[in-house]
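> Quick one: sequence plus predicted model below, questions after.
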Amino acid sequence: MKKYKVKKSTGSPKKHYLIDYQAQLNPQQYQAVANTEGPYLVIAGAGTGKTRTLIYRLAYLVENNINPRSILLLTFTRKAAQEMMRRAATILDERCRNVSGGTFHSFANFSLRKYGLHIQIHPNFTILDRTDAEDVINMIRTQLKLNKKERRFPRKTTLMDIISKSINKCISIEKVLANEYPHYKDESPDILNVVQHYRDFKQEKMAMDYDDLLVNLKKLLETNNEVRQKISNTYRYIMVDEYQDTNRLQAEITVLLASEHKNVMVVGDDSQSIYSFRGANFRNIMDFPKFFPGATVITLEQNYRSIKPILDLTNAIIEQAKEKYSKELFSEIEGTQKPVYIDAVDEDEQAAFVTQRVLELREEGVPLHKIAVLFRASWHANELEVELRSANIPYVKYGGLKFTEAAHIKDVVAYMRVLHNVFDEIAWLRLLLLIEGIGPTSAGRILAKIVHSGGDLNQLLSQDFAKKKFFNDLQKVHALLSRLTGSRLKPAEKLEAAVEYYNPLFELKYEDYKRRRLDLESLLRIAERYTTLEQMLTDMALEPPDTSQVGAEPTGSEDERLVLSTIHSAKGLEWHSVFIIHLVDGYFPAMQSLENEEDLEEERRLFYVAATRAQKNLYFITPELESRSYRWHTFDHSGLIFSEPSRFIAELPDFDELTEIGVLEFEEEDIKPF
């Protein structure tokens, strides 16, 4: 008998890939890329290559002959989706550009135009952008006669915020008012009336705002099984970026989209969930395994940004979180410099230290644009901005206007400018236009009289204006300026008098006056440094008030700008050296979070985000803040004194071992200008 040898097959031939995925990715990244069937939650720690993982997974799917149009990539900006597809096409081929990528809102728009008739939405509906929506709200507000000046009713922007928060957080208007706008509680019936008229208007005009797109997509998927099945089967592979920033609606839409196959991978970091004020829901990422039973959790822990001593500290910070996905970030980047902790005497010393150290870092070869100063709230950088200007260090600020460009700061400083120079026409126009009943024409007439009289303040009492309704207010301005002109009061005392006069106008002009008031407090503290108005105004270097500063960029080369940023605006970015300032309980964490555990936990995550921005150098600074003696007659000042270091520092058992304690020794000489 003749025997024949037959080689037994051990499986299908190994696929040859154009990309060596295992060589390009670390083991955890590769696991997230190569597993495509079923639900996956990828916890991507700070600096661990989240975007790279998404790009390679997109390419991996395409290289496995998955139809690009059946891959749905949902991101928070259209630009992010396009950039991922472009980079995937670069490492593989042009097929990656055909992936269905975009935002939740753009996907909702596409789906509703295609299937909206199933829920009585005509495909030719109009989309109202934020400005359009606010204009409609304002029209309704006027029609209902809720725009009377004697009544403090929310303006269009605030009303739109209230409506949007109600939708994105899936809570009632009444609850939004109770939680975030308690001063409008008594206006609840009329606010609800505006909301109903707004809904009726949109329905009548076949219009939708951005929030409606999500609401109606969810409604379509929930109420029509045939459409839900069709859409879900069209998009067999779903990826969602920044999942920790999704709101409840977006999480529920994700579940519905993946209902037929469960092939969904969401990527995010629970430790970087910091946008609850925009409606982001921390529970979405924590409860993903509940939404998708049997989901696999993959944790990316190799950090490609920071040196080990920084990661040792950031790991310790987030370990204190009450609820989290545990992770221990590690790095192979060389470096032994521990984070530095500075206990400054006050805010001025804090500003002086940052300014001096920035100049030293630049001398050591670190460009200004690779250095950032981060803070919890925009006004925390006010004193620092003045110090940087004095040292002639150019900077750019993110997360709000620069301190000296804020409208309410310019308003108050206008009185000081007039005291310093009675012929300062720009300052005169600004303070006159604050008075009800005075428009550009009347202001021009008043100003002309003052200028032509050689700067005589008594022209404010001219009989030409005696019968005008604004005459009483002109008398008050005259009394203020006359009292301060030529007096021996210090600049801070003059400024305090101007702020006291300005307060009623301030509260009428700005709905967020309570937040802006902190800027006025900072301005008064800054004024204490000076003995002359001239020096104070020169150091502040105000830009002309008639020039719009919204979105303004400072002058100078792009490579020569120090970065100042709120932590919320810094997420996703990184710098060689990072300073975190105002680490004082009540400032960071913010005072309003101290009595609510969820809010306090988000503040902890915000601190973690700030610390993980640093690559090589990290500085923590705690200034001691003393009580102030300002006479806040109508300012409802709390009188609270904040002097304890942030609890996020105090609670770390090994803080002294994880950091280097810095001691400041100041010499009696000026900082060398940049």
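Nice, I can see it.
> which residues does residue 351 contact?
383, 384, 386, 387, 388 (Cβ atoms under 8 Å, 6 or more residues apart in numbering). In this view, the C-beta of every residue, glycine as well, is placed from N, C-alpha and C.
> my guess is the last one contacts residue 355, does it?
Yes. Here residue 388 reaches residue 355: they are 6.0 Å apart, a contact under Cβ atoms under 8 Å.
> re earlier: may I see the contacts of residue 351 organised as a markdown table, with distance to residue 82, pLDDT and secondary structure added?
Formatted as a markdown table, the contacts of residue 351 follow (distance: Cβ to Cβ, whole Å; pLDDT from 0 to 100; DSSP: H, G, I helix; E, B strand; the rest coil):
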| residue | distance to residue 82 | pLDDT | secondary structure |
| --- | --- | --- | --- |
| 383 | 41 | 86 | helix |
| 384 | 36 | 91 | helix |
| 386 | 41 | 85 | helix |
| 387 | 41 | 89 | helix |
| 388 | 36 | 90 | helix |
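> So which elements touch the longest helix along the chain?
For the chain, the longest helix by residue count, based on DSSP state H, is helix 491-509. Judged by 3 or more Cβ pairs under 8 Å, 6 or more residues apart in numbering; DSSP states H and E, helix 491-509 is in contact with helix 407-420, helix 471-484, helix 513-527, helix 533-540.
> contacting residues around residue 480?
Here residue 480 is in contact with 415, 497, 498, 501 (criterion: Cβ under 8 Å, 6+ apart).
> Try it again at 7 Å.
Listed by Cβ atoms under 7 Å, 6 or more residues apart in numbering, the contact partners of residue 480 are 497, 498, 501.
> Redo these as a markdown table? Include neighbour count, pLDDT and distance to residue 486.
Listed next are the contacts of residue 480 as a markdown table, based on neighbours: other Cβ atoms under 10 Å; pLDDT from 0 to 100; distance: Cβ to Cβ, whole Å:
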| residue | neighbour count | pLDDT | distance to residue 486 |
| --- | --- | --- | --- |
| 497 | 18 | 90 | 14 |
| 498 | 24 | 88 | 15 |
| 501 | 20 | 86 | 18 |
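> and which of those residues is nearest to residue 24?
residue 498 (62.1 Å; Cβ to Cβ).
> Now the closest one. Nearest residue, chain neighbours left out?
residue 415 (4.0 Å; Cβ to Cβ, 6 or more residues apart in numbering).
> surely that neighbour meets residue 499?
No. Between residue 415 and residue 499 there is no contact under Cβ atoms under 7 Å: 8.9 Å.
> returning to what we had before: measure the residue nearest to residue 498 to residue 434 for me?
From residue 415 across to residue 434, the span is 10 Å (Cβ to Cβ, to the nearest Å).
> give me the beta-bridge partners of the residue nearest to residue 132 when sequence neighbours are not counted?
Excluding the flanking residues, the one nearest residue 132 by Cβ to Cβ, 6+ apart is residue 209, at 7.8 Å. Applying DSSP bridges to residue 209 gives these bridge partners: residue 128.
> Residue 209: neighbour count?
Residue 209 has 23 neighbours, counted by other Cβ atoms under 10 Å.
> Need the residues that contact the strand or helix carrying residue 89.
Assigned by DSSP states H and E, residue 89 belongs to helix 78-91. Contact partners of helix 78-91, identified using Cβ under 7 Å, 6+ apart, comprise 19, 51, 54-55, 58-59, 73, 75, 96-97, 99, 101-103, 106, 241.
> Touching, residue 275 and residue 245? I think so.
Yes. With contact defined as Cβ under 7 Å, residue 275 reaches residue 245; the gap is 5.3 Å.
> Give the residue from these two that has the larger number of neighbours.
Neighbour comparison, residue 275 and residue 245: the larger count goes to residue 245, with 23 against 20 (by other Cβ under 10 Å).
> mean pLDDT for the helices and strands packed on helix 491-509: which is lowest?
For the helices and strands packed on helix 491-509, mean pLDDT drops lowest on helix 533-540, to a mean of 70.
> Which is the succeeding secondary structure element to that helix?
For helix 533-540, the following helix or strand on the C-terminal side (DSSP H and E) is strand 562-566.
> so what does whatever helix or strand comes next after that next one touch, helix or strand wise?
For strand 562-566, the succeeding helix or strand toward the C-terminus, using DSSP H and E, is helix 567-570. Here helix 567-570 touches strand 371-375, helix 597-611, going by 3 or more Cβ pairs under 7 Å, 6 or more residues apart in numbering; DSSP states H and E.
> Please tell me how far the residue nearest to residue 234 when sequence neighbours are not counted sits from residue 601.
In space, and not counting its chain neighbours, residue 234 is closest to residue 70: 6.5 Å by Cβ to Cβ, 6+ apart. For residue 70, the distance to residue 601 (Cβ to Cβ) stands at 38 Å.
> Between these two, point out the one with more neighbours.
residue 601 (19 against 16).
> Look up the closest residue to the more buried one, ignoring the ones flanking it.
Nearest to residue 601 is residue 322, by Cβ to Cβ, 6+ apart, at 5.8 Å.
> how many neighbours does that neighbour have?
With other Cβ under 10 Å as criterion, residue 322 counts 9.
> what's the helix or strand for it?
Going by DSSP H and E, residue 322 is not part of any helix or strand.
> Point out where the stretch 151-300 of the chain drops to low pLDDT.
Within the stretch 151-300 of the chain, the segments meeting pLDDT under 70 span 151.
> So the residue nearest to residue 601 versus residue 580, what's the distance?
Relative to residue 580, and taking Cβ to Cβ, residue 322 is found at 22 Å.
> Please work out which of the helices and strands packed on helix 567-570 is packed deepest.
Ranked by mean neighbour count under mean count of other Cβ atoms under 10 Å, the helices and strands packed on helix 567-570 are led by strand 371-375, which reaches a mean of 26.
> Pairing partners for that strand, with directions?
strand 562-566 (parallel), strand 575-580 (parallel).
> average model confidence for it?
95.
> Centre of the chain to it, how far?
Centroid separation for strand 371-375 versus its chain: 14 Å, with Cα atoms, centre = their mean, to the nearest Å.
> Show me where the stretch 51-200 of the chain has its helices.
For the stretch 51-200 of the chain, the helices defined by DSSP state H, counting those that start in this stretch cover 78-91, 104-115, 130-143, 156-168, 173-180, 188-204.
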